[in-house]
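Asks: My questions concern the predicted model and sequence given below.
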Amino acid sequence: MWFMAPAFAILLVFFFLPTVFNFVYAFTDWSGFKSSINPVGLENFTDLASNGTLFRSLRVTVVYAVLVAIFQNLFGFGLAVLLERDTLVNRVARVFFLIPVLMSALAVGYIFQALLKPTGGLNRLLGIDYAWLGDTTWTIVVVALIHAWKWMGLSMLIYLAGLKTISEDIVEAAHIDGASRWRTFWAVRFPLLAPAITFNVATALLGSMNGFDVAQATTGGGPARTTEILNIFIYRTFGQGLFAQATTMSLVLFLLVALMAFPVIYVLRKREEVL
Amino acid sequence: MKTKWTAAAAAAALTLGLAACSDPSVETSSAAPTAPAAWPDPTAKLDGVKLTIWAAQNSNTVPKQVIAGFQQATGAQVEVVTIPDPYEQGIQTKVATGDKPDLAFWQPTASMLTAINARTNLQPLTDAPWLSQLSPDLKDITGILDGTRYAALITSPAVEGVYYNKEVFAANGITGTPKNFDEMVEVGRKLKAKGVTPFFEMAGDKWATQWWVQVQLADAAKDGLWERINTGKEKFTDPTVVGAIKTYKSLIDEGLFNSDIKTAKFEDQGAALLSGKAAMAVQVNSFFGQLQATADTETLNKKIGFFPISPSGNVGTFIPDQSNALVAFRTGDAGREAAARQLLAYWMGPGYKDFVADRETVSLEPSVPSPAGVPQALLDVHAALPEAVGSMQALAVANPDLYLNLADMINGTMTPEKVAAATQDQFEQLAKAAGASGF
């Protein structure tokens, strides 16, 4: 067993310790303003709870994550079905849809910011004057669409893999039983995609809860902080020197992700049991 | 047995780790010197000494001339490292993790000196040799925290006031600049009646929204508004500040601002004022810097003027920024600390003449004349300084995000009362973290 000690030591220092500190500092008054770090109990939590900003950011984060999960899976699924057959055109198209996944999220954000600003390319193409990133109601949908656009290629790949692993025999059996193509797809092949859906929904939802780059590059949390997801709020708080408060928020985010992850994954896994 | 040993080893490693990860800036606090440090001769030899200066994207070219002169005179090597924006956040984070330069550009206000924990991290600049050379009005205007000087003011600090287009004023029969805030609003209404956009605001970039509120607080600031707020005797939610926010909102609702106020950016504001699309903008020196990037001094002298404003008259509100001053860090290396002080002494001493000439900026030292190329508007800004009162940034113990809340108000998601309440909440949070008494 001792030959594993170095590996566990590294695990301890680089994974376990930072996580522990994330918990510990949340209960202190660590800040950039003074040198000492004193325990303050639950004060950071009660302060944040009494201040509406945390809940607004949490709400924005959940709305954003749900929107991204929906869009990314709809797009990814649609693309996978569309590009399922292995023709040359389809292969080329798959590569193109995978390129945004490989791009820097900040670059994606800045490109869309330039396209969507009032004097940007999209408005000139459409001949209208609309501030896509300046609407306090709809901008979050636009940012979620951009996030989904960037990651839809990955969802597509996983759905494709799911579709490819469905045995030809089952599809053929359905045909012999007289099922239409439509019925075969929804009643036979779609349920068999359950594991791919579990993975895609969970990663999209939880990944976008930890999102930062796309929103920061497109709106920076604006307009009027309607797209200020929790990580942008944490970034801002940390930048003010309120390190303990920022740590508290990241702990809250961690708990939120955990709280959402377990039920979501549990429900999705339940669907797989029939397989 | 084996599991017991593993558990014990893990516990030991954890304790060690916890000890190793404490705040690295703690240890240096014990080294705080009590006696003022000696000031080396500005041109003494420093062969083999390497100094690092942290600068922001808009200040990294400021020291170029000075460094060249200093390197030649002393043999030291000076490197300027650009810290990306947001500059202050980047520095605070780096310093909190133990990374320090020898010198850095830093906003010399009490709240920002607190934010970088000046008592522990910075060298006191007590008895600096250049102080006697500074214009007496400006010597103690900023850079001091609890009676100790930590920052060296190198250029004329920024002033919040009104930049206006002289040609638009003249074309619409407005002779002479407004004598107080109400007169300025009246001028705005007159211009609006003639189809000119009176004021330009840039809520898309957010940060300048606070100037409109702050200039309205100039008289109150003279009466000790910020001292009262610092001690909790008055709040942002009390009538003085809320009133200023409400006035700002009512002027926007009246249509005295540009129609794209919600999305307009900093660059749009400069372009609008220079082209005469808008008549006035309440702004600070960096705005004029933006204009200088797009037009030459002659054009600017012809087109753009400046006047300070306050409810009772022409009183400016000063707000020194990061490009105006430098701080010297306590690095723990006595030789480099002395060299950093020497560089400052050179900058403000033998090197100052070349520095202001290179930067075409107003001189702070009466013995060094300002170069001829300084635009008139900047000279007017500088002339407003002795009379000016401190801004929130200069006088409050903490610097809340008033501008963010105001931008939210312009976007219609916050009322003036909510802006004040949110700002007060954040102010209390920051003041408490900074250890201000009463919070």
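Replies: Looks like it came in fine.
Asks: tell me the SS of A:Glu84?
Replies: Using DSSP: H, G, I helix; E, B strand; the rest coil, the structure places A:Glu84 in coil.
Asks: before we move on, what about the one 10 residues further on?
Replies: For A:Arg94, the secondary structure call by three-state DSSP comes out as helix.
Asks: if I pick the nearest residue to it once chain neighbours are set aside, what's in contact with it?
Replies: Nearest residue to A:Arg94, sequence neighbours excluded (Cβ to Cβ, 6 or more residues apart in numbering or on different chains): A:Leu83, at 5.4 Å. To be clear about C-beta, it is placed using only N, CA and C from the backbone, and glycine gets the same treatment. Shown in contact with A:Leu83 (Cβ atoms under 8 Å, 6 or more residues apart in numbering or on different chains): A:90, A:93-94, A:97, A:156, A:160.
Asks: if we go to 10 Å?
Replies: A:89-94, A:97, A:156, A:159-160, A:163 (Cβ atoms under 10 Å, 6 or more residues apart in numbering or on different chains).
Asks: State the distance from it to A:Phe75.
Replies: As judged by Cβ to Cβ, to the nearest Å, A:Leu83 and A:Phe75 stand 12 Å apart.
Asks: what's the overlap in contacts for these two?
Replies: A:97, A:156.
Asks: what does the stretch 151-275 of chain A have sitting close to chain B?
Replies: By Cβ under 10 Å from any Cβ of the partner chain, the residues of the stretch 151-275 of chain A that approach chain B are A:220-226, A:228, A:235-245.
Asks: same thing but 8 Å
Replies: A:222-226, A:236, A:238-245 (Cβ under 8 Å from any Cβ of the partner chain).
Asks: Name the SS class of the nearest residue to A:Ala261 once chain neighbours are set aside, please.
Replies: Excluding its sequence neighbours, the residue lying closest to A:Ala261 (Cβ to Cβ, 6+ apart) is A:Leu206, at 5.5 Å. Secondary structure assignment for A:Leu206 (three-state DSSP): helix.
Asks: Count the residues that sit near A:Leu206.
Replies: Neighbourhood size, A:Leu206 [other Cβ atoms under 10 Å in any protein chain shown]: 17.
Asks: And the residue nearest the centre of the chain?
Replies: No chain specified, so I'll use chain A. The centroid of chain A falls nearest to A:Ser208 when counting by Cα atoms, centre = their mean (1.9 Å).
Asks: if you could check chain B rather than the one you did, that'd help
Replies: B:Asp321 (1.9 Å).
Asks: residues contacting that residue?
Replies: B:107, B:157-158, B:284-286.
Asks: Going by distance to chain A, which of those residues wins?
Replies: Distance to chain A across these (Cβ to the nearest Cβ) is lowest for B:Gln107, with 13.1 Å.
Asks: Nearest to A:Met260 among the contacts of A:Leu83?
Replies: Nearest to A:Met260 among the contacts of A:Leu83: A:Tyr159, at 22.2 Å, using Cβ to Cβ.
Asks: So the closest one: helix, strand or coil?
Replies: With three-state DSSP as the criterion, A:Tyr159 reads helix.
Asks: now the residue of chain A found nearest chain B, nearest residue through space, not along the chain?
Replies: Among the residues of chain A, A:Gly239 lies nearest to chain B; the distance is 3.1 Å by Cβ to the nearest Cβ. Closest residue to A:Gly239 apart from its sequence neighbours, by Cβ to Cβ, 6+ apart: B:Gln89 at 3.1 Å.
Asks: And the residue of chain A lying at maximal distance from its centre, how far from A:Trp30?
Replies: Most distant residue from the mean C-alpha position of chain A: A:Ile176, 41.3 Å away (Cα atoms, centre = their mean). Noted for A:Ile176: a distance of 68 Å to A:Trp30, by Cβ to Cβ.
Asks: ok, which stretches of the stretch 51-200 of chain B are strands?
Replies: B:77-82, B:103-105, B:144-145, B:148-149, B:151-153, B:159-165, B:197-199 (DSSP state E, counting those that start in this stretch).
Asks: out of those, nearest to chain A?
Replies: Of the strands of the stretch 51-200 of chain B, the one closest to chain A (Cβ to the nearest Cβ) turns out to be strand B:144-145, at 11.4 Å.
Asks: which helices and strands does the closest one pack with?
Replies: Here strand B:144-145 touches helix B:110-115, going by 3 or more Cβ pairs under 8 Å, 6 or more residues apart in numbering or on different chains; DSSP states H and E.
Asks: Contacts made by the helix it packs on with the rest, please.
Replies: A:32-33, A:240-241, B:88, B:92, B:106, B:122, B:143-145, B:150-151, B:327, B:393-399, B:434.
Asks: Derive a PyMOL selection command for the buried subset of those.
Replies: The PyMOL command for the buried members of the contacts of helix B:110-115 (criterion: 16 or more other Cβ atoms under 10 Å in any protein chain shown) is given here:
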select buried, (chain A and resi 32+33+240+241) or (chain B and resi 88+92+106+122+143+144+145+150+151+327+393+394+395+396+397+398+399+434)
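Asks: Among the contacts of helix B:110-115, name the ones in helices.
Replies: Among the contacts of helix B:110-115, the residues falling in helices (DSSP state H) are B:88, B:92, B:393-395.
Asks: can you pull the pLDDT of B:Cys21?
Replies: pLDDT, B:Cys21: 47.
Asks: make that B:Asp296, sorry
Replies: For B:Asp296, pLDDT reads 88.
Asks: number of nearby residues for it?
Replies: That count, for B:Asp296 with other Cβ under 10 Å as the rule, works out to 10.
Asks: same thing with B:Gly188?
Replies: Neighbours of B:Gly188 (other Cβ under 10 Å): 21.
Asks: Quick check: nearest residue in space to it, chain neighbours excluded?
Replies: Closest to B:Gly188 by Cβ to Cβ, 6+ apart is B:Pro198, at 3.4 Å.
Asks: wait, that neighbour sits on B:Glu186?
Replies: No - with contact defined as Cβ atoms under 8 Å, B:Pro198 does not count as touching B:Glu186 (10.1 Å).
Asks: Comparing these two, which shows the higher neighbour count?
Replies: Higher neighbour count among B:Pro198 and B:Glu186: B:Pro198, with 25 against 12, using other Cβ under 10 Å.
Asks: ok, that one - contacts?
Replies: Contacts for B:Pro198 (Cβ under 8 Å, 6+ apart) come out as B:187-189, B:191-192, B:256-257, B:278-280.
Asks: what's the pLDDT at it?
Replies: According to the prediction, B:Pro198 has pLDDT 96.
Asks: ok, it to B:Val282 distance?
Replies: From B:Pro198 to B:Val282 the distance is 11 Å (Cβ to Cβ).
Asks: Give the residue spans of the stretch 1-150 of chain B that score low on pLDDT.
Replies: For the stretch 1-150 of chain B, the stretches flagged by pLDDT under 70 are B:1-36.
Asks: who are the neighbours in contact with the closest residue to B:Gly90 other than its chain neighbours?
Replies: Spatial nearest neighbour of B:Gly90, chain neighbours left out: B:Ile83 (4.6 Å); criterion: Cβ to Cβ, 6+ apart. For B:Ile83, the contact set (Cβ under 8 Å, 6+ apart) comprises B:54-56, B:90-91, B:94.
Asks: again with A:Tyr25
Replies: A:37, A:243-244, A:247 are the contacts of A:Tyr25 under Cβ under 8 Å, 6+ apart.
Asks: least confident pick among those?
Replies: Among the contacts of A:Tyr25, pLDDT bottoms out at A:Ile37, giving 85.
Asks: Just the closest residue of the stretch 151-300 of chain B to chain A, please.
Replies: As assessed by Cβ to the nearest Cβ, chain A sits closest to B:Thr263 within the stretch 151-300 of chain B, at 4.6 Å.
Asks: isn't that residue right next to B:Glu201, touching?
Replies: No - using Cβ under 8 Å, B:Thr263 is not in contact with B:Glu201; the gap is 11.0 Å.
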